[in-house]
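Chemist: Predicted structure and sequence below. I'll ask about it afterward.
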Amino acid sequence: MIKSLKDFTVLHNGVKMPWFGLGVWKVEEGQEVRTAVKAAINAGYRSIDTAAGYGNEEGVGMAIKESGIPREELFITTKVKNSDQGYESTLKAFETSIKKLDLAYLDLYLVHWPVKGKYKETWKAIEKLYQDGRIRAIGVSNFQIHHLEDIMLDAEIKPMVNQVEYHPRLSQLELRDYCKRHEIQLEAWSPLMQGELINHPLLKEIGDRYNKTAAQVILRWDLQNEVVTIPKSVKEHRIIENANIFDFELTHDDLEKINSLNEDRRIGPDPDNFNF
């Protein structure tokens, strides 16, 4: 059982990655993101997930400095935005991100989306950055099985993480099983389906039995499925509430009922058909 915010999964290269963190997609650059990140760190979070495309890396970096927590205790993720994909452009994009974050190294760098004709060159650049010691772990985001198979055909290093849309309406069982077999850690973005599921009767019913909210039930479901999760919030009380999921455990029956909610329904773009 994953028992606290300090618990971690071990990636296939031996790096420890927290099971739980804060996502900052659509969090406004400046005071909003600084306040949210500091609230999370003060609440015990040690993993922060941003992206070049979110436009808030500077604020995340400032919050990290202002938190007073030693850098080595934090796990910081960012991503190559789609317009920067390609070999040389990824190397430049990394330097821009690391400068904005004001960090000496990254804990995890991801290919944000599988941009056709570019993501393999992007991966080669990320491999170089990893081999040069600039990044502790590398991975991808929004990759389907066929994208993973394609990238691993001639990759020197297989991805350590695949961050994807994952929630009870899109449980991606086949992808989850594939990643597990290949030692690629699955990570969930928008685990609460942007709030769409927080009033679902089944999830509320399960939550009532544990004195938990539907959101807390979903986040616990993620962890018990061995999926790293990074819910986004800008409200301190919600950031604290989201992390209050380590004092209960869903039963096998609960997990199966939640699994039954799957409809293969996305709220984000389809990785095989997206615009950038």
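Modeler: Happy to help now that I have it. Bear in mind the structure is a predicted one, so any value in this text is a computation, not a measurement. Numbers count the residues shown, from 1 in each chain.

Chemist: Can you tell me the SS state at Gln163?
Modeler: Put simply, Gln163 is strand when judged by DSSP: H, G, I helix; E, B strand; the rest coil.

Chemist: Tell me the spacing between it and Glu29.
Modeler: Note on Gln163: its distance to Glu29, by Cβ to Cβ, to the nearest Å, is 21 Å. In this view, the C-beta of every residue, glycine as well, is placed from N, C-alpha and C.

Chemist: So these two - more neighbours on which side?
Modeler: Higher neighbour count among Gln163 and Glu29: Gln163, with 28 against 16, using other Cβ atoms under 10 Å.

Chemist: Report the beta-bridge partners for the more buried one.
Modeler: Under DSSP bridges, the beta-bridge partners of Gln163 are Ser141, Glu187.

Chemist: check contacts around it.
Modeler: By Cβ atoms under 8 Å, 6 or more residues apart in numbering, the contact list for Gln163 reads 49, 110, 139-142, 186-189.

Chemist: out of those, who has the most neighbours?
Modeler: The most crowded member of those, judged by other Cβ under 10 Å, is Glu187 (29 neighbours).

Chemist: For Val60, which non-adjacent residue is spatially closest?
Modeler: Nearest residue to Val60 in three dimensions, chain neighbours excluded: Thr50, at 4.8 Å (Cβ to Cβ, 6 or more residues apart in numbering).

Chemist: Check what pLDDT that neighbour gets.
Modeler: With respect to pLDDT, Thr50 scores 98.

Chemist: That one contacts Glu58, doesn't it?
Modeler: No - taking contacts as Cβ atoms under 8 Å, Thr50 lies outside contact range of Glu58: 9.9 Å.

Chemist: hey, what's in contact with both of these two?
Modeler: Between them, Thr50 and Glu58 share these contacting residues under Cβ under 8 Å, 6+ apart: Leu101.

Chemist: Pick out whichever of those two has more residues nearby.
Modeler: Remark: of Thr50 and Glu58, Thr50 carries more neighbours, 27 against 17, as counted by other Cβ under 10 Å.

Chemist: Within the helices and strands, which one has Asp150?
Modeler: Taking DSSP states H and E as the definition, one finds Asp150 inside helix 145-153.

Chemist: what do you get for Lys79?
Modeler: If you go by DSSP H and E, Lys79 is part of strand 75-80.

Chemist: With adjacent residues omitted, what lies nearest to Ile41?
Modeler: Leaving aside its chain neighbours, Ile41 sits nearest to Ser67 (4.3 Å; criterion: Cβ to Cβ, 6+ apart).

Chemist: no no, Ala39
Modeler: Glu236 (4.2 Å).

Chemist: Isn't that neighbour up against Val37?
Modeler: No - Glu236 is beyond contact range of Val37, at 11.2 Å (criterion: Cβ under 8 Å).

Chemist: just the helices in the stretch 101-250 of the chain please.
Modeler: For the stretch 101-250 of the chain, the helices defined by DSSP state H, counting those that start in this stretch cover 119-131, 145-153, 173-181, 201-210, 214-224, 236-242.

Chemist: Now mean pLDDT too, for these, in JSON lines please.
Modeler: Compiled in JSON lines, those are given as follows (pLDDT from 0 to 100):
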{"stretch": "helix 119-131", "mean pLDDT": "98"}
{"stretch": "helix 145-153", "mean pLDDT": "98"}
{"stretch": "helix 173-181", "mean pLDDT": "98"}
{"stretch": "helix 201-210", "mean pLDDT": "98"}
{"stretch": "helix 214-224", "mean pLDDT": "98"}
{"stretch": "helix 236-242", "mean pLDDT": "97"}
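
Chemist: How about stretch 136-154, which residues are buried there?
Modeler: Residues 136-144, 147-148, 150-151 are the ones in stretch 136-154 that count as buried (16 or more other Cβ atoms under 10 Å).

Chemist: actually stretch 221-236, not the one I wrote
Modeler: Applying 16+ other Cβ under 10 Å to stretch 221-236 flags 221-225, 227-234 as buried.

Chemist: What of stretch 44-52?
Modeler: 45-52.

Chemist: among those residues, which are in strands?
Modeler: Judged by DSSP state E, strands contain the following of the buried residues of stretch 44-52: 47-49.
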